[in-house]
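Asks: Provided below are the primary sequence and the corresponding predicted coordinates.
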Amino acid sequence: MAVANPTAAPPMAAPGYGKRSAPGEAPRRRDDFTHLPAREASIATHIDRLPDGAAIDTKTLAKELAAYGQQAIRTALNALSIAGHLRRVREPVGDGRTQWVFRTYFSRTARSDAWWSRFLAGDVPETEVEPQAPAPQDRQPKRTDAYEALAALGRTDARLTLSAAECKALEPLAAEWLARGVRSADFATTLTAGLPDVIHSPGAFTRKRLVDKLPPEPPQTPPPGPQAPPRRIMECTGCGKPGRPEALPGGLCRPCRGEVPDDPAPAADWIHSQVDRLRAAARQAR
């Protein structure tokens, strides 16, 4: 990959615009883009090394990468979009302002259309946890919190010392206490309060207290309010036409994918409706 001036600082876009790194990327590796053709891999590597806010429009990249012209850059960006590495997005600038900006989100890790749709809806965590290998099985099965709370009663008061079989039998009743928000310490305090001098059957006595002193269910959580309007609107990587994520598979509209063009009216109506909703939400917030 030939860079026009490798020692110069990369051109930056206007404040609020330019490249944005997608969340949850895997650490950088030598084989990140080996699945791409040579030209696309070269351009992807260059974009990946640029800082957030760098200008990555076609003209700027063509000046930076002397080996490729604007048409080659444009074609490569479309290919990177189809491969799941980038999406063009229109979104509010943030900080309480209603100004909209145009950004290109780049992901070193290739993403599916479903992932990008969730990201646009704000339904993607900032980081993704790498899958972990299952832990080796212990010789003893893991004891539940309810079992542990029952086993601890004897340490709080020896008169309620339970056997392993009694803890197992009473586990469902104790689990219901914990499910209703009772902490383990409060569980022990409540069940051991006011004990008689002699308890002949700790298991039967504990069962009766678990049933008789069961706390009420916690209040139900009220239903969620109306959903906030979408934070981001996708644009076609090739031509910039806005549209729903499902209408832009691979980040490209039908004409840019070489298919029969759709009637642009529905997409235009939809984008205007989303802008109106965002403006109304901003006015209500103020």
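Replies: Yep, that arrived. Residues are numbered from 1 along each chain as shown.
Asks: Count the neighbours of His35 for me.
Replies: 10 (other C-beta atoms under 10 Å). Placement of C-beta: from N, CA and C, glycine included.
Asks: oh sorry, the question was meant for Arg111
Replies: Counted with other C-beta under 10 Å, Arg111 comes out at 21.
Asks: Give the closest residue to it in space, chain neighbours not counted.
Replies: Gly84 (4.5 Å; C-beta to C-beta, 6 or more residues apart in numbering).
Asks: Pull the contacting residues for that neighbour.
Replies: Taking C-beta atoms under 8 Å, 6 or more residues apart in numbering, we find Gly84 in contact with 107, 110-113, 115-116, 250.
Asks: Buried ones among those residues?
Replies: The neighbour-count test (16 or more other C-beta atoms under 10 Å) marks 107, 110-111, 113, 115-116, 250 as buried among the contacts of Gly84.
Asks: of those, closest to Ala188?
Replies: The closest of the buried ones among the contacts of Gly84 to Ala188 turns out to be Trp115 (C-beta to C-beta; 46.1 Å).
Asks: Walk me through the domains of the chain.
Replies: Annotated domains of the chain cover 18-121+230-285, 145-212 [automatic domain parsing].
Asks: and of those, who's closest to Ala9?
Replies: Closest to Ala9 of the domains of the chain is domain 18-121+230-285 (C-beta to C-beta; 9.3 Å).
Asks: tell me which element Pro92 falls in.
Replies: strand 86-94 (DSSP states H and E).
Asks: neighbouring strands for that strand, and are they parallel or not?
Replies: Applying DSSP bridges to the sheet, strand 86-94 is found paired with strand 97-106 (antiparallel), strand 233-235 (antiparallel).
Asks: Give the next helix or strand downstream of the longest one.
Replies: Next along the chain after strand 97-106, taking DSSP H and E as the criterion, comes helix 113-120.
Asks: same for the next helix or strand along the chain from that following helix, what does it pack against?
Replies: Next helix or strand after helix 113-120 toward the C-terminus (DSSP H and E): helix 145-151. Judged by 3 or more C-beta pairs under 8 Å, 6 or more residues apart in numbering; DSSP states H and E, helix 145-151 is in contact with helix 164-179, helix 184-192.
Asks: Now with 6 Å, please.
Replies: The contact analysis (3 or more C-beta pairs under 6 Å, 6 or more residues apart in numbering; DSSP states H and E) places helix 145-151 against helix 164-179.
Asks: and the angle for the helix it packs on with helix 184-192?
Replies: 120 degrees (axes from the mean of the first three to the mean of the last three C-alpha atoms, to 10 degrees).
Asks: tell me the contacts of Glu25?
Replies: Applying C-beta atoms under 6 Å, 6 or more residues apart in numbering, one finds that Glu25 lies in contact with 107-109.
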